[in-house]
Structure formats: structure tokens, C-alpha cells
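Undergrad: Just to be clear, the model below is a prediction. Sequence and coordinates:
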Amino acid sequence: MDAATITSWMREIDIAVRAERDHLVQLDAAIGDGDHGTNMVRGFEAVVQALDSDGGSPPGKLLILAGRTLVSTVGGASGPLWGSALRSGGRVLGDQATFDGMELVEVLAAALASVKDLGTAAVGDKTMVDALEPAVDTLRSRLADGVSLDDAIDEAAGAAEAGMRSTIPLQARKGRASYLGERSVGHQDPGATSTALIIRALQKAVTKDS
């Protein structure tokens, strides 16, 4: 995997959040501000434009550029959270030109640690962590088991989607949704939903690259 993988990932995210914009808006309207879909589309459209204008940076630098772009273009919580996540992941790779599956795990683990630190959230709080942490754990354990990267990343994306669905019966303990108390129960978390889209986009980019 290399810089082209990162660019492909960001393009796949852009396609996915555009396709799911209205769904994300509906989910967020139920327990938040209703702007999550719009914000994610604006942010990743800007990311794709920024990467298209880049003059050949290595993958880590592209992740940092993507993160900076999200912070500067996206309102709400998702810009700072994903912006910090991608920058933290990019710093893991430094200036190296290529990376392998276990290094991808470390990128995602750094992203997860950044999100948990910034959002002070854990699994069960009804946030994006409910989708991101199972994805990271699954990718790490399946690669350690000797499973191919393509299969491991597919399972990781499935774990993110299962984590997304697991937020439906939860009561929100973080973010704007937590103000609703028990009324947040029965709604799928929009941040976990977009996170599952982002991990599935990564799976598509990695599989395309292999």
C-alpha cells in the first residue's frame, strides 16, 4: 500500500458519504443537530480536492493533509474528531513511501486513541468509538492469525457495521445526544454510521490496491 491507497480511500469516503448524506442527516436530526451528513460531504469533498492538488506526498503526509482539511472545513464534532484521527494516523507513517497491513493497524489504532482522547468516549457510550474500536481490534487479531489483508479488512469493516448497529439500543453518554437521556435509545448513532462507511471505504481502497 502507498499514497495511491490513501487517495483511493478518501475518494471512496467521498462517494459513500454523498450516497448516504440524507440518511446521515435523518439519523442526526433524531438525536443531534441534523447536520452530520452535510458536514461529512463538505469535509471529504474538500479532502479530495486537497489531495488532488498535492504534489506527490507520501501516505502519512496525505493523511495529515486530509486531517488538517477536515478541521478547517467541517463544523460540529466530526471535523475535529476525524481531523485529529487522520493526523495521528499519518504521524505513525512519517515519511515512508509504503506500508503493510500491521502498519495500517497502527495507523487506525492511533486514530482511535486520538478520538477516545479528544471525545473522552468508550465503547458503549453511543459514539463513533462503537464502530471504530471493533474494526481496529478485528483487523489486528485477524492479521495476527495469518488471515490475508483483503479478508481481514473485510472482517474489520463488518465489525464496524455491527458496532454501528449496536448503538441503536444504547443510551447516549457523550455528545449532544446525551442531553436527550432515555430518548436517545432506539436511534442509531450518526457518528458510528459514518465511521462504518469510512472503514468500508478503506476496505474498498485496500482491495482495489491488492
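TA: Perfect, I can see it now.
Undergrad: and Lys174, that's in a helix?
TA: No: according to DSSP: H, G, I helix; E, B strand; the rest coil, Lys174 belongs to no helix; its state is coil.
Undergrad: Tell me which other helices or strands the lowest-mean-pLDDT helix or strand in the chain touches.
TA: Using mean pLDDT, DSSP states H and E, helix 21-31 stands out as the lowest-scoring helix or strand of the chain, at a mean of 90. In terms of contacts (3 or more CB pairs under 8 Å, 6 or more residues apart in numbering; DSSP states H and E), helix 21-31 is packed against helix 36-52, helix 190-209. Where you see a C-beta, it was placed from the backbone N, CA and C, and this is true even at glycine.
Undergrad: Buried residues, that helix. List them.
TA: Arg21, His23, Leu24, Val25, Gln26, Leu27, Asp28, Ala30, Ile31 (16 or more other CB atoms under 10 Å).
Undergrad: go on, stretch 78-89?
TA: Quick answer for stretch 78-89 (16+ other CB under 10 Å): Ser78, Gly79, Pro80, Leu81, Trp82, Gly83, Ser84, Ala85, Leu86, Arg87, Ser88, Gly89.
Undergrad: residues contacting the second one?
TA: Each residue near Gly79 by CB atoms under 8 Å, 6 or more residues apart in numbering is listed here: Asn39, Gly43, Leu70, Val71, Thr73.
Undergrad: cool, and the first one?
TA: With contact set as CB under 8 Å, 6+ apart, Ser78 has these partners: His36, Asn39, Met40, Gly43, Leu70, Gly191, Ser194.
Undergrad: Now which of these would you call buried?
TA: Neighbour counting by 16+ other CB under 10 Å classes His36, Asn39, Met40, Gly43, Leu70, Gly191, Ser194 among these as buried.
Undergrad: Looking at these, which is nearest Val129?
TA: Gly191 (8.6 Å; CB to CB).
Undergrad: that older thread, list just the one of the helices and strands packed on helix 21-31 that sits closest to Leu180.
TA: So among the helices and strands packed on helix 21-31, helix 190-209 is nearest, using CB to CB, at 13.2 Å.
Undergrad: quick one: that closest one to helix 36-52, angle?
TA: Comparing the axes of helix 190-209 and helix 36-52 via axes from the mean of the first three to the mean of the last three CA atoms, to 10 degrees yields an angle of 30 degrees.
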